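K.L.:
quick one, structure for this:
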Amino acid sequence: MPEIQINGVRQDVAADPQMPLLWAIRDILGMTGTKFGCGIGACGACTVHMDGNAVRSCITSLGDAAGREIVTIEGLSPSGTHPVQRAWEANNVPQCGYCQPGQIMQAAALLRETPKPTDQQIIDAMSGNICRCGTYLRIRAAIKSAAEITG
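P.N.:
Take a look at the predicted model:
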């Protein structure tokens, strides 16, 4: 039975270690903020942090997550006050909102590694996260705003 640390809490997950982490998070642990998009790691809707790095939970096995620190959108800031979350709201980023948890998790990882990213660094870091509503300009503006808040 794999044990993971998720959002600061140790969890024993009674599931096949080959199960995608996404299904353990959503179906077993009941945290539905992390979304299923493509199932092949191409869209970014399922992005979570593993040991501080952005990973696609649909292609990360539960076994690979064992013993690692996992943070989902629910754990980024339960009160919604993380600088990226505040910038998302201030810049009115979401339209449908479906991709936004993955976008926010990817952006938070970017800003942790690169506190003052250039436009090109933002484009490069966010290129694997698809927004079907096309709010890319607002996403970039929000990341720049969050960089101002954190810097």
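
K.L.:
would you list every one of the helices in this structure?
P.N.:
21-23, 62-65, 73-76, 83-90, 100-113, 119-126, 136-150 (DSSP state H).

K.L.:
reformat these as TSV; add mean neighbour count.
P.N.:
Glycine gets a C-beta too; all of them are placed from N, C-alpha and C. Compiled in TSV, the helices of the chain are given as follows (neighbours: other Cβ atoms under 10 Å):
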stretch	mean neighbour count
helix 21-23	23
helix 62-65	20
helix 73-76	20
helix 83-90	20
helix 100-113	24
helix 119-126	15
helix 136-150	19
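
K.L.:
for the spatially closest residue to residue 95 that is not a sequence neighbour, grab the count of nearby residues.
P.N.:
Leaving aside its sequence neighbours, residue 95 sits nearest to residue 133 (Cβ to Cβ, 6 or more residues apart in numbering; 3.8 Å). A count of nearby residues for residue 133, using other Cβ atoms under 10 Å, gives 14.

K.L.:
so who does the most centrally placed residue in the chain touch?
P.N.:
Closest to where the C-alpha atoms of the chain average out (Cα atoms, centre = their mean) is residue 105, at 2.8 Å. For residue 105, the contact set (Cβ atoms under 8 Å, 6 or more residues apart in numbering) comprises 47-49, 54, 71-73, 76.

K.L.:
contacting residues for the nearest residue in space to residue 50 that is not next to it in sequence?
P.N.:
Leaving aside its chain neighbours, residue 50 sits nearest to residue 68 (5.1 Å; criterion: Cβ to Cβ, 6+ apart). Residue 68 makes contact with 4-5, 50-51, according to Cβ under 8 Å, 6+ apart.

K.L.:
report the buried members of these.
P.N.:
4-5, 50 (16 or more other Cβ atoms under 10 Å).

K.L.:
which residues does the residue lying farthest from the centre of the chain contact?
P.N.:
For the chain, the residue at maximal distance from the C-alpha centroid (Cα atoms, centre = their mean) is residue 1, at 24.7 Å. Applying Cβ under 8 Å, 6+ apart to residue 1 gives the contacts 12-15.

K.L.:
redo the residues you listed as CSV? Include neighbour count and distance to residue 26.
P.N.:
CSV is the format used below for the contacts of residue 1 (neighbours: other Cβ atoms under 10 Å; distance: Cβ to Cβ, whole Å):
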residue, neighbour count, distance to residue 26
12, 9, 17
13, 20, 12
14, 8, 15
15, 16, 12
